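1. Please find the sequence and the predicted model below.
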Amino acid sequence: MKTRRKIRRKKNVLLLVSVIFTAVVLLGAVIFFRMHFSKDSPVLKEKGHRQPGDLLQDYMKHLSEKEYEKMYEMLDLEASGNLTEEEFVKRSSSIYEGIEMQNMDVEITGYDKEHQTVQFKMSFDTAAGALSFENEAWFMEREDGYRLIWDDSLIFPGLRSSDKVRVSVIEAERGDILDRSGLVLAGWGTAACVGIVPGKLEHAEQNIKETARLLETDVLSIEKKLEAQWVKEDSFVPIKNIPAVKEIELMKEEPDEQALKEEARQKQLLAIPGVMITEVKVREYPLGQAASHLTGYIQNVTAEDLEEHANEGYTANSVIGRSGMEGLFEKELKGKNGCRIYITDKDGAEKEELLRTDVQHGQDIRLTIDAGLQSQLYEQFQEDKSCSVALNPYTGEVLALVSTPSFDSNDFIMGMSQEQWNLLNEDENKPLYNRFRQKWCPGSSFKPVIAAAGLSEGILNPDEDFGYEGLSWQKSASWGGYFVTTLHAAEPAVMEQALVCSDNVYFAKAALKIGADKLEESLQKLGFGRQMPFEIAMAKAQYSNTEHIETEIQLADSGYGQGQILVNPLHLAGIYTAFCNGGNMLRPYLVYQKDAEAEVWINQAFKEDSAKRVLEGMKKVVNDPHGTAYGLHRDDILLAGKTGTAEIKASKDDSLGTELGWMAVLTAEQSEKNPILIVSMTEDVKGRGGSGYVVEKERAVLDYWFR
């Protein structure tokens, strides 16, 4: 029995040893295989034999960086048809850059070791949108490792070497900018494109010089265009766009002088052998200088624009809004180009459409602007350094925004010469400067604001007589040699009479009575120091150059709109809407609404009874024969308003300073069918009648409006 048990134990030990030995052999085989043949083989890695999936990722990374030469280095040239590096780079770059590939992503989805193929999903953005597809790449194992087998199908499945990848772009039509009635402020018109056919150009040097003179351009720029690579003997080479001569203008009994000059110029151009004129479509601004600060203008995109606005659909042929409404509403106006990416065969027949996006034409932008009123205000002030804003005081709709002197947006479209550009920039009257966006010293046009603020705070009593002081006054000898002066003294010195005759002394005393802290608080409530809510960014109003009103004299001067008070004219107009709306300030707006509804910007900017009381005084400013704005009095329409003359001095002792003239006028009854509020400011009115100069101009505008 013992012998049997010993034999049995010996067999079990031998069996266990055999199992362990077999397991060790198998484990060694597995380790050997993984070391030498698996995907993650350290032996292969030591030899530099990276796996196909990793190599494909490297290849695609080089592609995303447009490193075509490095991509070529990864190819198995024999298996890839022995294509040259030049052929490879040209084919790859023309296709990938032609479709504007970017933001590429590659996902490895499978690996067939037997056939040495890697399946992958590729996606990227193109000129026509996002494109994704599944594909596979073949690899060849060589002594130095795996190499990629390339053919055209690696770019797109099914693409052959004789095929072409085409990109077709349909340019979006830019939207129009319209006034409230649908009249075009910026749209599409025609121009005359002057060009040269080189093969027909005789006496080239002489005639190029004459063409340059007539087109107000330089010889060098013409020669550069004629020397472009694409130009052939029979090519029409565009040189410059000029205004088209409209037959209707020439048929008038008294044709426009400018139209006659343009006709004569074009006849001279056509007399030059080789010069031709054809009609082209261009952006047009019918109101010209009257609305150019408002509309702005467009220009062709630059390389900088394309870089700054990458991925926004711009091409080398695009235009972009540079200023005004063209710039503000660029996104809405530009639309979105349509684009197709497709493959054609060697005969040009379409094989496959890869991607399509339909064209989306730009939106028309309809403004609250009244083109007629805009033109009238420009016509009245065109010779002045001035700005005007007009709005409906009961809805907040902005009816006009005018800055003078002005420029003509059409000149930028036609191609402005360096001489024209220099004249605009060097003009001392600054025609490129947009005055309606700036802040100005409001002078006496600010007095109704002080009156309403003091009444609303319960500090001022409208019937309190501040006492007659004559034409100059100072609070005490502590003011030294400084006196508040006025052209007209109120007697009695009560609020309404002080508004009618515009008594500076009364309002200086009123400001002192309100106090600096309370006045600052009231003006902050009216939006001072804040950006007003409006489509166009306007300068912020201020009551001091520092954080606070610092001195008594500064406080007194603030009471009649001097000191360091500065306000934008549209902001001032916004404050004036409170006098028409029970003390509520309306938000001015510029984009037309079919059913115009007022939106309150600042609720109870003034107390309702305070706003009404001040409005009564403003009515007398216009309708009392002694009022400073009596020149605007009408028998048919009840108006209210306030004049203002602001002194601009380098110092208190400056006797050579200039003056700003202001006039703010509004229809005073909600029943008025054509309500309006106009605020105009004109520089350099000293010696020209002060605010009276502005009153005269606005009267002509109101005559037009109520007609």
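-> Okay, I see it. Numbers count the residues shown, from 1 in each chain.
2. Report the buried residues of the helix or strand hosting M122.
-> Using DSSP states H and E, M122 sits in strand 117-126. Within strand 117-126, the residues scored as buried using 16 or more other CB atoms under 10 Å are 117-120, 122, 124-126. In this view, the C-beta of every residue, glycine as well, is placed from N, C-alpha and C.
3. Please identify which two of those are farthest apart in space.
-> Longest distance between any two of the buried residues of strand 117-126 is 26.9 Å, between T117 and D125; criterion CB to CB.
4. now K513, nearest residue through space, not along the chain?
-> Closest residue to K513 apart from its sequence neighbours, by CB to CB, 6 or more residues apart in numbering: I459 at 6.0 Å.
5. What about that neighbour, how many residues nearby?
-> By other CB atoms under 10 Å, the residues close to I459 number 15.
6. And the residue nearest the centre of this protein?
-> G327 (2.7 Å; CA atoms, centre = their mean).
7. show me the contacts for K336.
-> 172, 313, 357, 359-360 (CB atoms under 8 Å, 6 or more residues apart in numbering).
8. Show me what counts as buried in stretch 633-649.
-> In stretch 633-649, counting by 16+ other CB under 10 Å, buried: 633, 637, 639-646, 648.
9. I meant to write stretch 397-413 there.
-> Those would be 397-413, for stretch 397-413 by 16+ other CB under 10 Å.
10. hmm, back to that, in terms of distance to G145, which of the buried residues of strand 117-126 ranks first?
-> Nearest member of the buried residues of strand 117-126 to G145, counting by CB to CB, is V118, at 14.5 Å.
11. so what's that closest one up against?
-> 52-53, 56, 108, 110-112, 136-137, 139.
12. hey, C-alpha coordinates of the strand holding M122 in CSV?
-> Below are the C-alpha coordinates for strand 117-126, written out as CSV (Å, rounded to 0.1, in the frame of the first residue of the first chain):
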residue,chain,number,x,y,z
THR,A,117,-5.0,49.0,-44.0
VAL,A,118,-6.2,51.6,-41.5
GLN,A,119,-9.8,52.7,-41.4
PHE,A,120,-10.5,56.2,-40.3
LYS,A,121,-13.1,59.0,-40.1
MET,A,122,-12.1,62.4,-41.3
SER,A,123,-13.8,65.7,-40.7
PHE,A,124,-12.9,69.4,-41.4
ASP,A,125,-14.4,72.7,-42.2
THR,A,126,-14.5,74.0,-45.7
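13. Mind checking the pLDDT average for it?
-> The average pLDDT for strand 117-126 rounds to 96.
14. Distance from the chain centre to that strand, please.
-> Centre-to-centre, strand 117-126 and its host chain are 38 Å apart (CA atoms, centre = their mean, to the nearest Å).
15. Pull the residues that contact the helix or strand following that strand.
-> Later in the chain than strand 117-126, the nearest helix or strand by DSSP H and E is strand 129-142. Here strand 129-142 makes contact (CB under 8 Å, 6+ apart) with 52, 55-56, 59, 76, 79, 99, 109, 115-125, 146-149, 153-154, 156-157, 339, 341, 354-355, 357.
16. related to what we said a few turns ago, of the buried residues of stretch 397-413, which belong to strands?
-> 398-404 (DSSP state E).
17. before we move on, the earlier item: what is the nearest of the buried residues of stretch 633-649 to G689?
-> Looking across the buried residues of stretch 633-649 and measuring by CB to CB, the closest to G689 is T645, at 9.7 Å.
18. what lines up beside the helix or strand harbouring that closest one in the sheet?
-> For T645, the element it lies in under DSSP H and E is strand 639-648. Strand pairing for strand 639-648, using DSSP bridges, gives strand 658-667 (antiparallel).
19. What are the buried residues along the partner strand?
-> Buried residues in strand 658-667 (16+ other CB under 10 Å): 659-667.
20. which one of the residues you listed is nearest K509?
-> Nearest to K509 among these: W662, at 21.7 Å, using CB to CB.
21. Kindly state the beta-bridge partners for the closest one.
-> According to DSSP bridges, the partner residues bridging W662 are G644, M681.
22. Start at 34, not 1
-> With the count now opening at 34, the last piece we talked about shows up as W695.
23. That one and I711 touch, don't they?
-> No - in this structure W695 lies outside contact range of I711 using CB atoms under 8 Å: 10.9 Å.
24. hmm, back to that, only whichever of the contacts of strand 162-175 are buried, select them in PyMOL.
-> For the buried members of these, the matching PyMOL selection, counting by 16+ other CB under 10 Å, is:
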select buried, resi 85+88+89+92+109+112+132+150+151+152+153+155+157+158+179+180+181+182+186+187+189+372+374+387+388+390
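25. what pLDDT does L293 get?
-> 86.
26. So which residues of the stretch 634-740 of the chain form helices?
-> 641-656, 724-739 (DSSP state H, counting those that start in this stretch).
27. Can you tell me which of those helices is most buried?
-> The highest mean neighbour count among the helices of the stretch 634-740 of the chain, using mean count of other CB atoms under 10 Å, belongs to helix 641-656: a mean of 21.
28. From H521, how far out is the closest residue to E524 other than its chain neighbours?
-> Excluding the flanking residues, the one nearest E524 by CB to CB, 6+ apart is Y501, at 5.1 Å. To H521, Y501 is 12 Å away according to CB to CB, to the nearest Å.
29. can you check E568 too?
-> 40 Å.
30. what sits against the residue nearest to D145 when sequence neighbours are not counted?
-> Of all residues not flanking D145 in the chain, Q152 sits nearest, at 7.5 Å (CB to CB, 6+ apart). Going by CB under 8 Å, 6+ apart, Q152 touches 141-145, 167-169.
31. So which of those is the closest to D642?
-> The closest of these, once distances to D642 are taken by CB to CB, is E167, at 76.0 Å.
32. how many neighbours does that closest one have?
-> Number of residues near E167 (other CB under 10 Å) recorded here: 12.
33. Please apply the same query to N462.
-> That count, for N462 with other CB under 10 Å as the rule, works out to 12.
34. Name the nearest residue to it, sequence neighbours excluded.
-> In this structure, N462 finds its nearest non-sequential neighbour in P438, 5.1 Å apart by CB to CB, 6+ apart.
35. So that neighbour sits against K418, correct?
-> Yes - using CB under 8 Å as the test, P438 is close enough to K418 to be in contact (6.9 Å).
36. Mutual contacts of these two, please.
-> In contact with both P438 and K418: 462-463, using CB under 8 Å, 6+ apart.
37. ok, G208 touching G395?
-> Yes - the pair G208 / G395 is scored as a contact, 3.4 Å apart, by CB under 8 Å.
38. what is in contact with these two at once?
-> With CB under 8 Å, 6+ apart, G208 and G395 have common neighbours 365-368.
39. for the protein, which spans come out with low pLDDT?
-> Residue ranges of the chain with pLDDT under 70: 34-81, 280-286, 288, 683-689.
40. hmm, 80 instead?
-> Within the chain, the segments meeting pLDDT under 80 span 34-82, 279-291, 344, 448-451, 682-690.
41. Would you mind measuring from R213 to R246?
-> 43 Å.
42. Please apply the same query to L693.
-> The value you get for L693 to R246, if CB to CB is used, is 43 Å.
43. Same question for D87.
-> For D87, the distance to R246 - CB to CB - is 67 Å.
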